[in-house]
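Visitor: got a structure for you, letters missing:
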Ligand SMILES: Cc1cc2nc3c(=O)[nH]c(=O)nc-3n(C[C@H](O)[C@H](O)[C@H](O)COP(=O)(O)OP(=O)(O)OC[C@H]3O[C@@H](n4cnc5c(N)ncnc54)[C@H](O)[C@@H]3O)c2cc1C
């Protein structure tokens, strides 16, 4: 007989970990979250919640304050292509607001917390141990460079092209009801309204990011106060599998393509639902196929856009092509929004 401190130990209290906690509580599982950082937790992020992910969060009782956005616009110096969401708006939400709202809801649902960084994971046929806790199952939701992943021997490598993301906030009245993606030769700037007088700007690129790459955007930001920079990468993490015995990986820890299409949080929330189903059914291995199913559209579309935009000639053609083919652009955006 094995005795446990909890049904589920979750390593990482970001959106993936906390959505997993809420799903697990919904199934009546006891939950402990291990997270070393003091709240509210911030992170380099474009801060746009796609409509589908927002709906999943709302169904978990999580309704963070933010700014609605109604679609995605691709913008170059001369051109602009817009695609409206068909099924309601997404929402620009500061990471600190998202974290505070998720955490409050998880505490309301009797989730326990330990403030610690997990450095080792051990498992046997009956359970998993980490940070002095013995659990029936463990979810690693500890981000792009997951320690849990390494501890349980799941292989991961940074993929190509090697891209990085940096985010700032600018104090300026939000000027668009779209998340705008500005395209330049060297990178993309992803602009999300998060408060009436605050926009987030995340630059994605292979080199050191520079706002001067985007003169049209720089004009909007002239004279605005700029907050602290936050960065991370390399973004593409190719992960060989998501399950090792009683350990499951959720969110960025499970593998990541790129931030260009902006739905990492939505995906983490969807992965949380299928991971907890597998745990509640005591069939953890079933999660692998479920993960492939819920992430398929994102993996193919995001990889496709990143690869298409890597050679200079096709990169230049992206915004004009989206402007000329609004039906196709809208179709792609709405697949990712769902
Ligand atoms: C530049 C950029 C822009 C982006 N824009 C968007 C966007 O607009 N919309 C969107 O939905 N997504 C966006 N994303 C993606 C999104 O930020 C991630 O997909 C999302 O944060 C994943 O959540 P997570 O919980 O898996 O990981 P994280 O948010 O990274 O959380 C991991 C948590 O684990 C904790 N942790 C790490 N190691 C340990 C350990 N050893 N022990 C215990 N805890 C640990 C960390 O402290 C952290 O709190 C963007 C990403 C980047 C880089």
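Guide: Arrived safely. Remember, it's a predicted structure, so these values are computed and weren't measured experimentally.

Visitor: What lies in contact with the host helix or strand of residue 101?
Guide: Secondary structure assignment for residue 101, by DSSP states H and E: helix 95-108. Residues from elsewhere that reach helix 95-108 (CB atoms under 8 Å, 6 or more residues apart in numbering): 13-15, 18-19, 21-22, 25, 33, 39-43, 45, 47, 49, 57, 60-66, 113, 194, 265. From N, CA and C alone the C-beta is placed, and that goes for glycine too.

Visitor: hmm, try it at 7 Å
Guide: Residues outside helix 95-108 that contact it (CB atoms under 7 Å, 6 or more residues apart in numbering): 15, 18, 21-22, 39-43, 45, 47, 60-62, 64-66.

Visitor: after that helix comes which helix or strand?
Guide: Taking DSSP H and E, what comes next after helix 95-108 is strand 112-114.

Visitor: Tell me the buried residues in that next one?
Guide: By neighbour count on 16 or more other CB atoms under 10 Å, the buried set for strand 112-114 is 112-113.

Visitor: And for stretch 112-130?
Guide: Buried residues in stretch 112-130, counting neighbours by 16+ other CB under 10 Å, are found at 112-113, 118, 121, 123, 127-130.

Visitor: Turn those into TSV, columns for distance to residue 246, pLDDT and secondary structure.
Guide: Shown next, in TSV, are the buried residues of stretch 112-130 (distance: CB to CB, whole Å; pLDDT from 0 to 100; DSSP: H, G, I helix; E, B strand; the rest coil):
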residue	distance to residue 246	pLDDT	secondary structure
112	19	96	strand
113	21	96	strand
118	15	98	coil
121	10	98	coil
123	5	97	strand
127	7	98	coil
128	5	98	strand
129	10	98	strand
130	11	98	strand
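
Visitor: how about a markdown table for the residues you listed, with distance to the ligand added?
Guide: A markdown table is the format used below for the buried residues of stretch 112-130 (distance: CB to the nearest ligand atom, whole Å):
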| residue | distance to the ligand |
| --- | --- |
| 112 | 14 |
| 113 | 11 |
| 118 | 4 |
| 121 | 10 |
| 123 | 16 |
| 127 | 19 |
| 128 | 14 |
| 129 | 14 |
| 130 | 8 |
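
Visitor: Show me which pair in those is furthest apart.
Guide: The span of those, defined through CB to CB, is set by 113 and 123 at 22.1 Å.

Visitor: Return the distance of stretch 163-174 from the chain's centre.
Guide: Once both centres are worked out by CA atoms, centre = their mean, to the nearest Å, stretch 163-174 turns out to sit 16 Å from its chain's centre.

Visitor: pLDDT averaged over it - what is it?
Guide: Averaging pLDDT along stretch 163-174 yields 97.

Visitor: what about that stretch and the ligand, any contact?
Guide: Yes: Stretch 163-174 reaches the ligand (CB under 6 Å from any ligand atom) through 165, 167.

Visitor: what residues does that stretch touch?
Guide: Here stretch 163-174 has contacts from 44-46, 67, 193, 196-206, 209, 220-221, 224-227, 229-236, 258-259, using CB under 7 Å, 6+ apart.

Visitor: Show me which residues of it are buried.
Guide: In terms of neighbour count (16+ other CB under 10 Å), stretch 163-174 has its buried residues at 163-170, 172, 174.
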